[in-house]
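Engineer: return atomic coordinates for the entry below.
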Amino acid sequence: MIDNPQVLGESVLVITAEFDRWADTDGVPARNRLDVLGLDDTGRLVVVELKRGTADRDVHLQAITYAALVSRFDLDTLAQAYRDFLAGRGQAVELDACRQRLRDHVDGDWSPELLQRPRQVIIAADFPKQVTHTVVWLSEMNLDIDLVQVGLWKVEGHLVVGFTKLYPTPEVQEFTLAPARVEAKAAAKKLEERSRARNAAHVLVAAGL
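Structural biologist: Sure thing, here's the model as predicted:
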């Protein structure tokens, strides 16, 4: 999959794999290990969780946790991870060159805001109903999660791998998911406007105006 990142979507650059270089607030290294981290050409991070066989019932929680962790990454953090990843594959690339590669991969301006909203991809041989139902709901709440089913066959002595996107399907994206996300964004905007209105009222009262 690392050699064929198109499985993760169009124009995805793999930044790192088996990443575990984060620490808790007390400085103790975390045990969580991110399977694959990519960057698409829009400037969004792609968090990939891989499972052998049927996915666990809480696999989506793992993906969300990793997305929350990487949402704090900036260009320098990603460049360092990318440099270490390339070094592990026998490619010595300077940090500045890695930083520039990441910038060049993005079509348009580099956006720190987009980095805070990673897309998640969960790949497994199958998914339990608890995962599919939850992922559908999370998608309707404006969280991007893809479910990809992987199959393995032996054909004339060769191993053949196939990937099928189970969710969201093109039909769901066009007729179901998009309107739901629009509604979710509208709801979030209303909450933000209400919060601002309350804050403004408090400021006015406090100032005696």
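
Engineer: need the nearest residue in space to residue 45, chain neighbours excluded.
Structural biologist: The shortest distance from residue 45 to any non-neighbouring residue, by Cβ to Cβ, 6 or more residues apart in numbering, is to residue 118 (4.0 Å). To be clear about C-beta, it is placed using only N, CA and C from the backbone, and glycine gets the same treatment.

Engineer: how about residue 117?
Structural biologist: residue 44 (6.5 Å).

Engineer: can you give me the strands for the chain?
Structural biologist: 12-19, 34-40, 45-50, 119-124, 145-155, 158-167 (DSSP state E).

Engineer: pipe these into TSV and attach mean pLDDT per row.
Structural biologist: Converted to TSV, these look like this (pLDDT from 0 to 100):
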stretch	mean pLDDT
strand 12-19	95
strand 34-40	96
strand 45-50	96
strand 119-124	96
strand 145-155	93
strand 158-167	92
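
Engineer: now the ones you listed in TSV, with mean neighbour count and distance to residue 112?
Structural biologist: Formatted as TSV, these follow (neighbours: other Cβ atoms under 10 Å; distance: least, Cβ to Cβ, whole Å):
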stretch	mean neighbour count	distance to residue 112
strand 12-19	20	16
strand 34-40	23	13
strand 45-50	24	11
strand 119-124	23	16
strand 145-155	15	22
strand 158-167	12	29
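
Engineer: out of the ones you listed, nearest to residue 103?
Structural biologist: Closest approach to residue 103 among those (Cβ to Cβ): strand 34-40, 10.2 Å.

Engineer: sheet partners, orientation included, of that closest one?
Structural biologist: strand 12-19 (antiparallel), strand 45-50 (antiparallel) (DSSP bridges).

Engineer: got those strands as a markdown table, with distance to residue 64 columns?
Structural biologist: Putting the strands paired with strand 34-40 into a markdown table (distance: least, Cβ to Cβ, whole Å) gives the following:
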| stretch | distance to residue 64 |
| --- | --- |
| strand 12-19 | 16 |
| strand 45-50 | 9 |
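
Engineer: still on that earlier bit, you'd agree the residue nearest to residue 117 is up against residue 116?
Structural biologist: No. Using Cβ atoms under 8 Å, residue 44 makes no contact with residue 116, being 9.5 Å away.

Engineer: the more surrounded of the two?
Structural biologist: residue 44 (20 against 15; other Cβ atoms under 10 Å).

Engineer: quick one: that one from residue 113, how far?
Structural biologist: From residue 44 across to residue 113, the span is 10 Å (Cβ to Cβ, to the nearest Å).
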